[in-house]
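Peer 1: Take this sequence and fold it.
(one chain, ligands or ions: 2)
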Amino acid sequence: MADKLVADKHLRYILNLMAEKKKESFESVVMDHLRMNGAYWGLTTLSLLDKLGSVSEDEVVSWVMTCQHESGGFAGNTGHDPHVLYTLSAVQILALFDKLNILDVEKVSNYIAGLQNEDGSFSGDIWGEVDTRFSYIAICCLSILKCLDKINVKKAVDYIVSCKNLDGGFGCSPGAESHAGQIFCCVGALAITGNLHRVDKDLLGWWLCERQDYESGGLNGRPEKLPDVCYSWWVLSSLIMIDRVHWIEKAKLVKFILDSQDMDNGGISDRPSYTVDIFHTYFGVAGLSLLEYPGVKTIDPAYALPVHVINRILFTK
Ligand SMILES: CN(C(=O)[C@H](Cc1cnc[nH]1)NC(=O)OCc1ccccc1)[C@@H](Cc1ccccc1)C(=O)N[C@@H](Cc1ccc(O)cc1)C(=O)NO
Ligand SMILES: [Zn+2]
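Peer 2: Residues are numbered from 1 along each chain as shown. Ligands and ions are numbered 1, 2, ... in the order given. Sure, this is the predicted structure:
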């Protein structure tokens, strides 16, 4: 049982992973093709713990830039194919280091805008898979780059609203079942574009607060599923964006996350006494940030970046 966040252990866990990356033994962290996402998860966790200064900014930034494709999009690793998933992670990493100025913003924003379809939806890459995940990624990325005017926001919003279900939730496409991850994407995109009035906050708030497991205090992603630390982010950020976070028991959720830590070697797993990974370490710390845990910097629920980073981007020239 844990009674506090062992931040120093998590710091050491992440720095070891990054050091391992140098030895290219990447399998132990996240699959090679997800490396850009893994870097975003690790670096954002460091930033939330106010330890971003522990890594070499030049080394990280120059590696990120080796992943940019001629199309303007970013790949999950050097030489891989570009995809919006990795393009957002790359832009978020540059934002963390206040290095957006090194980007050819025109090229990156054209890559993303080029993936909007006639019906307002977005494809993830040139192969055309459509999913509301990609709507969120496109809107979040273009908003950080201050280029939302490059897409048809009205059509994008109308497409997202067409994915709203009778339970108040959202799925990956029209008629697809509600899932907390997709709900985060749709609510986040609506929040960024100032369209939260299109959400039925009480109906959705009810579906979301039902995700909390009475026994463990953890949150699951769908009815009947097991609670999982990463839903501390997908469900909680959605509840905060629609102003219904008081409908869950925060203290019990804090305990669920703290009990999922590896107290000796650092890292957080998807539930108590399982194997840790960088993905759940990030979403556990981000969840604690949303729960205002002491010593963790505040994260923005829509942009999934520290609030001081968002303020620097959106409210400076
Ligand atoms: C691709 N992916 C997932 O599918 C995770 C898997 C999982 C973790 N815990 C339970 N399942 N699921 C996930 O992120 O679900 C949230 C979500 C679902 C749909 C849309 C948006 C978010 C994880 C990676 C992962 C794989 C396997 C084990 C742990 C992490 C992932 O990269 N998630 C992305 C979001 C995402 C989600 C699903 C995708 O098909 C692609 C991307 C993310 O969080 N980026 O910052
Ligand atoms: Zn998980």
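Peer 1: before we move on, what SS does the residue in the stretch 1-150 of the chain that ligand 2 sits nearest to have?
Peer 2: Using C-beta to the ion, the single residue of the stretch 1-150 of the chain nearest to ligand 2 is residue 41, 11.9 Å away. Glycine gets a C-beta too; all of them are placed from N, C-alpha and C. Secondary structure, DSSP: H, G, I helix; E, B strand; the rest coil: residue 41 is helix.
Peer 1: for the residue of the stretch 51-200 of the chain found nearest ligand 1, phi and psi?
Peer 2: In the stretch 51-200 of the chain, the residue that lies nearest ligand 1 is residue 181 (2.2 Å; C-beta to the nearest ligand atom). Reported as degrees, to the nearest 10, the phi and psi values for residue 181 are phi -70, psi -40.
Peer 1: now it, nearest residue through space, not along the chain?
Peer 2: residue 234 (5.0 Å; C-beta to C-beta, 6 or more residues apart in numbering).
Peer 1: wait, what's in contact with the one you found?
Peer 2: 180-181, 183-184, 219, 221, 283 (C-beta atoms under 8 Å, 6 or more residues apart in numbering).
Peer 1: quick check, nearest of the residues you listed to residue 242?
Peer 2: Closest approach to residue 242 among those (C-beta to C-beta): residue 183, at 9.7 Å.
Peer 1: That closest one against residue 167, yeah?
Peer 2: No: the pair residue 183 / residue 167 is not scored as a contact, 10.0 Å apart, by C-beta atoms under 8 Å.
Peer 1: need the contact list for the residue of the stretch 51-200 of the chain closest to ligand 1.
Peer 2: 133, 221, 234.
Peer 1: Between the residues you listed, which sits nearest residue 2?
Peer 2: For these, the nearest to residue 2 is residue 234 (22.2 Å; C-beta to C-beta).
Peer 1: Where does that closest one sit, in terms of helix or strand?
Peer 2: helix 231-241 (DSSP states H and E).
Peer 1: now the residue nearest to residue 40 when sequence neighbours are not counted: how far from residue 76?
Peer 2: Among residues not flanking residue 40 along the chain, residue 89 sits closest, at 3.9 Å (C-beta to C-beta, 6+ apart). Distance of residue 89 to residue 76, given as C-beta to C-beta, to the nearest Å: 8 Å.
Peer 1: if you count what's nearby, which of those two comes out ahead?
Peer 2: residue 89 (27 against 23; other C-beta atoms under 10 Å).
Peer 1: anything in stretch 118-133 near ligand 1?
Peer 2: Yes: interface with ligand 1: stretch 118-133 contributes residue 133 (C-beta under 6 Å from any ligand atom).
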